[in-house]
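1. just the structure for this:
(4 chains)
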Protein chains: 4
Amino acid sequence: MTRWVRHIRLEPGISVKELVEEMGKCGVFSAGRVAKAVEIYREMLRKKSTIFMGVGGAVIPGGLRHVLVKAIREGLVNVLVVTGANATHDLIEAFGGRHVQGNELADDVTLRSKKISRIYDVYVPQRAFEIFEEKIQPIFASVLQRDSRISSAELLRRIGLKLTDESSFLKAAAEKGVPVFCPAIADSILGLQAWLYSQEHEVTIDVLKDVKEIFELASEAKKPGAVLLGGGVPKNFIFQSMLLTPRSFDYAIQITMDRPEPGGLSGATLEEAKSWGKISKNAKTVTVIGDTTVILPIIVASVLENG
Amino acid sequence: MTRWVRHIRLEPGISVKELVEEMGKCGVFSAGRVAKAVEIYREMLRKKSTIFMGVGGAVIPGGLRHVLVKAIREGLVNVLVVTGANATHDLIEAFGGRHVQGNELADDVTLRSKKISRIYDVYVPQRAFEIFEEKIQPIFASVLQRDSRISSAELLRRIGLKLTDESSFLKAAAEKGVPVFCPAIADSILGLQAWLYSQEHEVTIDVLKDVKEIFELASEAKKPGAVLLGGGVPKNFIFQSMLLTPRSFDYAIQITMDRPEPGGLSGATLEEAKSWGKISKNAKTVTVIGDTTVILPIIVASVLENG
Amino acid sequence: MTRWVRHIRLEPGISVKELVEEMGKCGVFSAGRVAKAVEIYREMLRKKSTIFMGVGGAVIPGGLRHVLVKAIREGLVNVLVVTGANATHDLIEAFGGRHVQGNELADDVTLRSKKISRIYDVYVPQRAFEIFEEKIQPIFASVLQRDSRISSAELLRRIGLKLTDESSFLKAAAEKGVPVFCPAIADSILGLQAWLYSQEHEVTIDVLKDVKEIFELASEAKKPGAVLLGGGVPKNFIFQSMLLTPRSFDYAIQITMDRPEPGGLSGATLEEAKSWGKISKNAKTVTVIGDTTVILPIIVASVLENG
Amino acid sequence: MTRWVRHIRLEPGISVKELVEEMGKCGVFSAGRVAKAVEIYREMLRKKSTIFMGVGGAVIPGGLRHVLVKAIREGLVNVLVVTGANATHDLIEAFGGRHVQGNELADDVTLRSKKISRIYDVYVPQRAFEIFEEKIQPIFASVLQRDSRISSAELLRRIGLKLTDESSFLKAAAEKGVPVFCPAIADSILGLQAWLYSQEHEVTIDVLKDVKEIFELASEAKKPGAVLLGGGVPKNFIFQSMLLTPRSFDYAIQITMDRPEPGGLSGATLEEAKSWGKISKNAKTVTVIGDTTVILPIIVASVLENG
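-> The predicted model follows:
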């Protein structure tokens, strides 16, 4: 049956879910892919997939903290792999720090003199990092008492359980039993703080333990699915988790602005992952080229509505 | 007053307008820019701006025909500048041709043998172009009887008035009195057909007349605003219209996936346009990096709801 | 035979040609594609292809004027299709105007007050446009005496023959008999000047004549090849020239920073063109993702060396 | 003094160094930036900068292994930070495995059945990973005898010293005393192998030790410079190394295809890094938008020639 391109129809008051339905009737270009991502996400939920979500890029500074919390609390994600920066910025807010709407054309030397650090058009007052240090060090002391050699996921779980901010995704994940891996934790302010702590205390973040823990999750996963926000370590670590198993992802949704031609994994197509056995040959997959801060809320809002 | 990044909150059933409000509270990255685009668009309508919309890229094959029609009929646009391809594909559908949801990884040699032309993941059966020829030639004969030397805008207006398809943006524009310029009309299948017609008939598409006509519109425009879907000739021609006037655009919204570093106009920042006097120094402007098929429906749906 | 990736080896004093040979041994990613572009270009010359070059983007302001002149004089190109901007900026320099190395982060309101127009990091003093007007108007008067209804290509040929600047690509092309099409000429400062001239004089730039002229060239072309610098009208007009013939391009080299996913022609793959019959099914093609100002000189320098 | 855009001039036999000089006279767009990168690199060498190079993306599969070796041996780099993948692929070749020129449009399910893994247009036979396992495990056993808790840099140094392949950058770095950090080592096949080893043996890769070791290098660095090939962990870890010191990078060269608007660090401008104090306010910096496989060889060849 020929699937015609049906043009998107808009009415005042249209809901996000209805807009995505229109995009699905259209079925092409990025609109069609957003609709396909929602369709795949719903099937993952229906089939009770184990959903691995990779969180690269500046998702937390970019305003998606509640979206992640919602996704965790509503069961849209079962395993998280995040950059150290996203863990750090979640904790900054959990400790009372805030991100500020800034200007990407600001003079950075002036910002420096005002003790403001810039992430594109987000400002982070340096004071937030000072508070971060004040608060994280006692937490390290508290959670690392019993044993000092732990995976990043176990560290983040323990930290998450210490938090009181209901808006923290680390807290939501810890409470919900969603593991949060951060295999490149040393590459972040959180990692720097861990190192400072280690100067005076015995502590080892054993990332090979993370390899073991995610491998076990991958081995037990049912109809595993991957939702990849940006690339970097989170994307690779999620895919890699399947390499030691005879299994592979049956679903994959990728949101990225990177492009495939330079050959880096961040921009790699999901097709390519099939050659590695990371994704199964009959997997349902879609890549949406776009900014996570626009695309993810559309997808999550649509998926929620169906729940 | 510090404008904090407030994280996007989603609830089941959230409307597009509400989502954009959340994006506005967030205020950063692309989410913030989508919200800003809506804010600027609303101000343009409130201030009764003359709104020039540039339609580059494959907007019509990509499923946005009704969105354009809606924008025209609801008064969201006063002047259009389009590529020849978008005019052609609107006419193809007006004549009964259709676009088909395809596959961007299809084998193009096979498609060729099946008489299917591909536009990324949209298929156009060659038959559509044959129908196009059958239908457009008599229309040329009909609309070029009186005088044969006309601007692209006048040609498209006359063609638009001949159409019966209510979903045609050319028809909607002609009926609503919204001029549609197509300064590179020769660079399209429509242009090829015009040339074929000219082999047997006297006809000149006088693009310098288009320069004159848009210059007059630019001269009379009130608080002029530009809404640029992609780049190319539509973007440049709209900006250029101000160069011969002492005026400049007071508002500009740009949706694009092109980047500025290679120096081409399509990816140029709106800031750059200020140095040329195309945009006024206090203009309200925003560039959203994203795919028009996702971003434009969000903006139009939000703007409609406020009307 | 397996073609291994052989790693690029560098020695002090290495020539551009030798570097491209190393890139060819490597054979992958963009390095491999640069080498393939050179290989295809050499084959086009060996087979005496008729080479159509599309010049989109800000190639002339970006410093490639001599490279174009060299390509024309050395027989690397037989037909040119250019944007109005590239013709305009060639003429600006031919008339004594100059482009200035600027700063892409400059304040554009300040530039405006200093009468400087910005093209990314290139500055154009407004004075250059005044000189342009002073000089082009008498040339129009001179070249449009006999007949006033001409194609863009004929207009540019006549203008080219009036120039004395040996560095002008319009002059080089006119002298060498290389037609220069500019189907969107109305969309440029050159077009604005033509319109100003037309206010007092009879003149019609008949772009349908351009359609006819390039169609004839396409019909007669031997083993036609396309070299596409950026996208826009030049790319489309070159491909379109084949649509009315039973033929298609046997070679195509594309240099671009645009991406295919948004569906616009500028970023479209060369594969896609096969479905339209613009490129033949066995054509040798390559797309290099990169900036023309870096990639084109490498290719031309390598091709020249072999001549 | 006005710096005019002087157009690039090419002659047959032109050397890479001469081409870059022409690009420097041009001074704009990406050509100008390549020339500026060479200028900055030369100044770093002249001022005896400590040069930190970040190696993200698929640099080794992409054919730049010898370029890295050359850069190490000729003193163009003093500290390396690499992805686990680049370390892995260097070792694959050191152990006799090879990368193959492939096709980015190949069917990945077919490749899977042929036991070929794809990295864009590079193929890696699975056999190469089997050999990798056979060879790396005894090396682990050999280098982890004395002490089993080491930084990634110390691990890679010891592995490098065991290699016999003169083309290995890990060997070259180890011999030359250039530390190679791999803070996300767990996120790679090398990390998977280390984990397998750890199942039977006591071994901890202590990435907090890497934090300490690079911090010490950053503290002692003279006029520190950063050369960033792609983004990811290597870029962030290099910048982060300055955060605990009162110092910052005085030079920075970035080659990337990522864009800044999505807010991730990989595409972030070097300006932004000034607000964090990662780069000093008067630092000399340049970002070249382009593919590392084309841009890096041009830069290194030019810099070598001056040595």
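2. for the stretch 51-200 of chain A, what lies in contact range of chain B?
-> A:58, A:61-67, A:70, A:98-102, A:105, A:120-122, A:167 (C-beta under 8 Å from any C-beta of the partner chain). C-beta: built from backbone N, CA, C; applies to glycine.
3. show me where chain A has its strands.
-> Listed in chain order, the strands of chain A (DSSP state E) span A:51-55, A:79-82, A:100-101, A:116-119, A:122-125, A:149-150, A:180-181, A:204-205, A:225-229, A:249-256, A:279-289.
4. now the fourth one - C-alpha only, PDB.
-> Listed in PDB are the C-alpha atoms of strand A:116-119, where the atom choice follows Å, rounded to 0.1, in the frame of the first residue of the first chain:
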ATOM      1  CA  ILE A 116      30.500  33.200  35.600                       C
ATOM      2  CA  SER A 117      31.200  30.100  33.500                       C
ATOM      3  CA  ARG A 118      29.400  29.800  30.200                       C
ATOM      4  CA  ILE A 119      27.900  26.700  28.500                       C
END
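5. so, in contact with chain C or not, that strand?
-> No - figure legend: strand A:116-119 not in contact with chain C (C-beta under 8 Å from any C-beta); closest approach 14.1 Å.
6. against which helices or strands is that strand packed?
-> Contacts defined by 3 or more C-beta pairs under 8 Å, 6 or more residues apart in numbering or on different chains; DSSP states H and E place strand A:116-119 against helix A:108-113, strand A:122-125, helix A:126-143, helix D:270-275.
7. which residues sit against the third one?
-> Applying C-beta atoms under 8 Å, 6 or more residues apart in numbering or on different chains, the external contacts of helix A:126-143 come out as A:88, A:91-92, A:95-98, A:115-117, A:155, A:158-159, A:162, A:189-190, A:193-194, A:196-197, A:201, A:203.
8. can you flag which of those residues belong to helices?
-> Among the contacts of helix A:126-143, DSSP state H puts A:88, A:91-92, A:155, A:158-159, A:162, A:189-190, A:193-194, A:196-197 in helices.
9. redo the residues you listed as CSV? Include neighbour count and distance to residue B:77.
-> Formatted as CSV, these follow (neighbours: other C-beta atoms under 10 Å in any protein chain shown; distance: C-beta to C-beta, whole Å):
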residue, neighbour count, distance to residue B:77
A:88, 25, 45
A:91, 27, 46
A:92, 24, 43
A:155, 24, 54
A:158, 17, 56
A:159, 24, 52
A:162, 16, 54
A:189, 20, 47
A:190, 28, 49
A:193, 20, 53
A:194, 25, 55
A:196, 18, 57
A:197, 20, 59
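10. from the centroid of chain A, which residue is nearest?
-> Most central in chain A under C-alpha atoms, centre = their mean is residue A:55, positioned 2.0 Å from the mean C-alpha point.
11. list the residues that contact that one.
-> A:68, A:80, A:81, A:82, A:83, A:86, A:229, A:230, A:234.
12. swap the cut-off to 7 Å and go again
-> A:80, A:82, A:83, A:86, A:229, A:234 (C-beta atoms under 7 Å, 6 or more residues apart in numbering or on different chains).
13. run a quick neighbour tally on the second one.
-> Right, the one you point to is residue A:82. Per other C-beta atoms under 10 Å in any protein chain shown, the neighbour tally for residue A:82 reads 33.
14. please name the bridge partners of the closest residue to it other than its chain neighbours.
-> Using C-beta to C-beta, 6 or more residues apart in numbering or on different chains and skipping the chain neighbours, the partner closest in space to residue A:82 is residue A:55 (4.3 Å). Going by DSSP bridges, residue A:55 is paired in beta bridges with residue A:82, residue A:229.
15. distance check, residue A:55 against residue C:212.
-> For residue A:55, the distance to residue C:212 (C-beta to C-beta, to the nearest Å) stands at 57 Å.
16. okay, now residue A:101: neighbour count?
-> 18.
17. and residue A:98, by the same measure?
-> As a burial measure, residue A:98 scores 15 neighbours (other C-beta under 10 Å).
18. check the residue nearest to the centre of chain A and give its pLDDT.
-> With respect to pLDDT, residue A:55 scores 98.
19. ok, now the one 10 residues further on?
-> Model confidence at residue A:65, given as pLDDT, is 98.
20. now do the contacts for the residue lying closest to it once chain neighbours are set aside.
-> Excluding its sequence neighbours, the residue lying closest to residue A:65 (C-beta to C-beta, 6+ apart) is residue B:7, at 4.3 Å. Applying C-beta under 7 Å, 6+ apart to residue B:7 gives the contacts A:63, A:64, A:65, A:66, A:167, B:26.
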